[in-house]
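Q: Build me a model:
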Amino acid sequence: MNIDDIVVGRKNDKTLEEIEEEYRQAELLEQEELKQPIEKKIKHDKWKVRKSAYTDILSSLKEITSRKDPKYLSYSEYFHTMLLDPHTPNMETVLDIISLLFANSDDAITILPNFCFLITEKLYTIQKLKTKAKNLLIQCIECCTDLKEVEANLKKLLDNKNSKNQIASIQIATIILRTFGSQKLDYRSLIPFMEKLADNTNPSVKNEVLDFYKELYKWIRDSVKGFVSKLKEVQRIDLEKVFEEISKNCPKVPIPEKTLKSDKEKLDKQGDKLGFNKVNNSEESNKIDMLKEEETNFNLVEGTDVFAKFTEDWTENILDKSRTWVEKRDILEEFIKVCYIINY
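A: Have a look, this model is predicted:
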């Protein structure tokens, strides 16, 4: 107990000696509480006592060299409880614990199921914890074998009525794209949510949606146009301008900054077998992923009778020898534009 814990502004008939004795007893009680076993401290009402439990766990985990260690297994039941701690300063220590866990894990989701949901809904919306939460999320995803769990949690939050959670989930979807590339995130299943949120009354939500589409364009290029066709015309026009700018400044599809551990192991084995260096192997893998992406998007297209939109008069205008090549070019460009939009 410290001096700040003493309630002031109330009538007190106690003598100074009695107050000092009460204060001393409170300090002794707190010292005894801090000596309790971790399983008791972690559920304590006082944040200082819980913080002591987290500090003990962190120190202990740093000494553990194997995940089969009994201490490691005994602590695993507390991880989710710690993430629900309402005291923000405590969460900084908790995130240090989680970071240590992920650094020594082959599959983070098995350690902390639902982690993406918790960190997006609770921690990512706290400005003080945002950077650390973002880095932890990337670390978590990097340990995963697939992103099905992450995608399911993102959909829950995208469908949430809370604008903070909507913004956080859109930002995280964009971060995943930027860090791991379009092949690792099932962005198609997120598009219906993005289309809905693009009409949100909150300007911040709409801006985050547009940022998501901008990032998606970097990875799938013109294939993205089929996914923005339901947006408002003003939004589409703005995005098209940005797409052109991105195409000029970044003509090549980027290489993912990070890969899932399972993918990294496959690439390393393949590289060793074929004698490729890791850089070239990564570039080659990215090209293959891009081709698969284009093929997948093409297969999603539904067939449409395009010529039903163009009459005999249109054909005669094309064949009319009196028309200049510029006029014919404009007519054909309109045809190409309509074909492109219809097929998406």
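
Q: low-confidence ranges in this structure?
A: 1-13, 67, 105-109, 111, 264-309, 337-344 (pLDDT under 70).

Q: What count of nearby residues applies to the closest residue to Lys128 other than its chain neighbours?
A: Once flanking residues are discounted, Lys128 sits nearest to Thr88: 6.2 Å by Cβ to Cβ, 6 or more residues apart in numbering. For the C-beta atoms, the positions are set from N, CA and C on the backbone; glycine is no exception. By other Cβ atoms under 10 Å, the residues close to Thr88 number 13.

Q: ok, now Pro86?
A: For Pro86, the neighbour count with other Cβ under 10 Å is 9.

Q: repeat for Glu92
A: A count of nearby residues for Glu92, using other Cβ under 10 Å, gives 14.

Q: just use 39 as the starting number from now, easier for me
A: Will do, 39 is the new start, and the previous item becomes Glu130.

Q: any idea which helix or strand carries it?
A: helix 126-141 (DSSP states H and E).

Q: Over to Glu283?
A: Per DSSP H and E: helix 271-287 holds Glu283.

Q: next one: Ser97
A: Assigned by DSSP H and E, Ser97 falls in helix 85-101.

Q: Next, the angle from that helix to helix 126-141.
A: Put simply, helix 85-101 runs at 20 degrees to helix 126-141, going by axes from the mean of the first three to the mean of the last three Cα atoms, to 10 degrees.

Q: Could you identify the helix or strand that succeeds helix 85-101?
A: Once the chain leaves helix 85-101, the next helix or strand it forms, by DSSP H and E, is helix 108-113.

Q: What are the buried residues along that following helix?
A: By neighbour count with 16 or more other Cβ atoms under 10 Å, helix 108-113 contains the buried residues Tyr110, Tyr113.

Q: try stretch 60-77
A: In stretch 60-77, counting by 16+ other Cβ under 10 Å, buried: Glu68, Glu71, Leu72, Ile76.

Q: got the contact list for it?
A: Residues outside stretch 60-77 that contact it (Cβ atoms under 8 Å, 6 or more residues apart in numbering) are 39, 43-44, 52, 79, 82, 84, 86-87, 90-91, 94-95, 113, 116.

Q: Run through the neighbouring helices and strands of the strand or helix carrying Gln204.
A: Element membership for Gln204 (DSSP H and E) is helix 201-218. Packed against helix 201-218 by the contact rule (3 or more Cβ pairs under 8 Å, 6 or more residues apart in numbering; DSSP states H and E) you find helix 168-181, helix 186-196, helix 225-235, helix 241-258.

Q: got CSV for those helices, with distance to Thr353 and mean neighbour count too?
A: As requested, these are exported to CSV (distance: least, Cβ to Cβ, whole Å; neighbours: other Cβ atoms under 10 Å):
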stretch, distance to Thr353, mean neighbour count
helix 168-181, 53, 19
helix 186-196, 46, 19
helix 225-235, 36, 17
helix 241-258, 34, 19
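
Q: Any chance of JSON lines for the ones you listed, columns distance to Ala206?
A: Listed next are the helices and strands packed on helix 201-218 as JSON lines, based on distance: least, Cβ to Cβ, whole Å:
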{"stretch": "helix 168-181", "distance to Ala206": "9"}
{"stretch": "helix 186-196", "distance to Ala206": "7"}
{"stretch": "helix 225-235", "distance to Ala206": "12"}
{"stretch": "helix 241-258", "distance to Ala206": "9"}
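
Q: rewinding a little: could you pull up the residues touching the residue nearest to Lys166?
A: Applying Cβ under 8 Å, 6+ apart, the residues near Thr126 are Ile164, Lys166, Leu167.

Q: Filter these down to just the buried residues.
A: Leu167.

Q: which one of the contacts of Thr126 is nearest Pro108?
A: Pro108 lies nearest to Leu167 out of the contacts of Thr126, by Cβ to Cβ, at 30.8 Å.

Q: correct me, but the closest one touches Val132?
A: No: with contacts counted by Cβ atoms under 8 Å, Leu167 stays clear of Val132, the gap being 9.7 Å.
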